[in-house]
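Asks: Build me a model from this:
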Amino acid sequence: MHLQVSSVCKSFGHGKARKLVLDHVSFDLHSGDFLALVGPSGSGKSTVMRLIAGLDHPSSGSICLDGQPVLGPGSDRGMVFQKYSLYPWLTAAQNVAFGMELQGRSRSEVRERTGYFLEVVGLADAARRLPRELSGGMQQRVAIARALAADPKLLLLDEPFGALDIQIRESMQEFLHQLWQRTGLTALLITHDLEEALLLANRVHILAPNPGRIVRSVAVTLDRTAMADVRLSAEFLAMREDLARGLRALEPALPS
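Replies: Purely as a prediction, here's the structure:
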């Protein structure tokens, strides 16, 4: 898998009202990578995600997946939103099966893959429960299982844990890291949480705002064998503080 974002610009509006939101954004993502995009408001993180998902189109530049231009949404990209976006009238298993049924997979394959991915996310016992019977963290696991079951080349994560409280968020971060190690998934994470980016990604791109552009790229080589220990390690704290200073410098000054 190779995602290539090449000199992408995106503007909204026309004439004098035209606003440049993204300015020549370029990066690559390969199989097994976990990339995070971090930046303050106005840096275009969500716009980048929408363009890669095929929900919008660049004003200039190109986005290609395995050499083919991204022209619209497709099953080669699975998306997990901040809101759980589960169908409330379907059980956990039916939610996971939904995308595969749209793909026209056989009943036996849908049943087998549904059971497998519910087990992968630790929810095999919740297969017949409705979303309202599940906690926020469990609902998000179902959403991730649904995205993975459709066998996407790339998993797009749009601030997936932003609506969760801190304890559940931390457990979900650990879960997602373990899932990445176990399945070898390829993922792109959009987050405003620098700590989350460092805990999950093997590379972090920092975006500056107005217009959005990549100003720094950092490889993350932390030993995340024990996630709780990583958060307290000197290497992690130093990296977080270094990047936090850079992000603070990008924020607009408050009026005096």
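Asks: quick one, what contacts the nearest residue to Arg105 once chain neighbours are set aside?
Replies: Nearest residue to Arg105, sequence neighbours excluded (CB to CB, 6 or more residues apart in numbering): Arg113, at 7.6 Å. In this view, the C-beta of every residue, glycine as well, is placed from N, C-alpha and C. For Arg113, the contact set (CB atoms under 8 Å, 6 or more residues apart in numbering) comprises Met100, Arg105, Ala149.
Asks: May I ask which of these has the most neighbours?
Replies: Ala149 (25 neighbours; other CB atoms under 10 Å).
Asks: what's the burial count for the closest residue to it other than its chain neighbours?
Replies: Nearest-residue entry for Ala149: Phe117, 4.5 Å, with adjacent residues in sequence omitted and distances by CB to CB, 6+ apart. Neighbour count of Phe117, defined by other CB under 10 Å: 25.
Asks: For Phe117, list the residues it contacts.
Replies: Neighbours of Phe117 in contact, by CB under 8 Å, 6+ apart: Val96, Ala145, Arg146, Leu148, Ala149.
Asks: Bridging across strands, which residues link to the residue most central in space within the chain?
Replies: Closest to where the C-alpha atoms of the chain average out (CA atoms, centre = their mean) is Leu157, at 1.8 Å. Taking DSSP bridges, one finds Val80, Leu189 as the beta-bridge partners of Leu157.
Asks: got the contact list for it?
Replies: Met79, Val80, Leu176, Ala187, Leu188, Leu189, Ile190, Thr191.
Asks: Tell me the confidence at it?
Replies: pLDDT for Leu157: 94.
Asks: Flag the shaky bits of the stretch 101-250 of the chain, pLDDT-wise.
Replies: The model of the stretch 101-250 of the chain has no residue with pLDDT under 70.
Asks: One more pass at 90, please.
Replies: 102, 120-122, 136-137, 140-141, 148-151, 159-185, 192-193, 223-229, 231-232, 245-250 (pLDDT under 90).
Asks: where exactly do the helices run in it?
Replies: 107-120, 136-149, 166-183, 194-200, 227-230, 234-250 (DSSP state H, counting those that start in this stretch).
Asks: Could you export those helices to TSV, including columns for distance to Lys19?
Replies: Shown next, in TSV, are those (distance: least, CB to CB, whole Å):
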stretch	distance to Lys19
helix 107-120	41
helix 136-149	31
helix 166-183	32
helix 194-200	26
helix 227-230	39
helix 234-250	18
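Asks: Gly15: which of those helices is closest?
Replies: Checking the helices of the stretch 101-250 of the chain against Gly15 by CB to CB gives helix 234-250 as the closest, at 28.4 Å.
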